[in-house]
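>>> what follows is a predicted structure for the sequence shown.
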Amino acid sequence: MTTKKYDLAVKVGEYQKDGQTKNKYQNIGAILEKEDGGRFMLLDRFFNPAGVPNPDDRSNVIVSLFEPRGYGEDLPPVSQPAATPAAQRPPAKPAAPQPHQQPLTGSNADGFEDDFPDGIPF
């Protein structure tokens, strides 16, 4: 089973809340961990680093790691302590299930013949 370890986010602006300036983040993907301990990154296809605000004219983009949290909660970076103890936080949403793919065989579930009944398209 694969588990979500971190959400990936970039800073896209700032806003005011209770007289304080807060950072506004856009989620761009996730870091997932496999059962064997291997980790990998899923990056949303919409993400274009050129679209991230760049007031300092940097040649790179900072991507922050956040511990997965419930929808609508403030998301401090992983390196900062969370305001709410983990025991009091609602459980994180599980990673989205992967779509089921049918094996390539002589016919599919719709009853149509596949063009490549042996499963190899070349």
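Received it, and whenever you're ready, just let me know what you need. Numbering: from 1, shown residues only.

>>> residue 28 - how many residues pack around it?
Residue 28 has 22 neighbours, counted by other Cβ atoms under 10 Å. Where you see a C-beta, it was placed from the backbone N, CA and C, and this is true even at glycine.

>>> that one belongs to a helix?
No. Using DSSP: H, G, I helix; E, B strand; the rest coil, the secondary structure at residue 28 is strand, not a helix.

>>> does it really touch residue 45, like I thought?
No. In this structure residue 28 lies outside contact range of residue 45 using Cβ atoms under 8 Å: 10.0 Å.

>>> mutual contacts of those two, please.
With contacts taken as Cβ atoms under 8 Å, 6 or more residues apart in numbering, residue 28 and residue 45 have no neighbour in common.

>>> ok, whatever helix or strand residue 5 lives in: who's next to it in the sheet?
Assigned by DSSP states H and E, residue 5 belongs to strand 3-17. Strands flanking strand 3-17 in the sheet, each with its direction: strand 20-33 (antiparallel), strand 64-66 (antiparallel) (DSSP bridges).

>>> thank you, goodbye.
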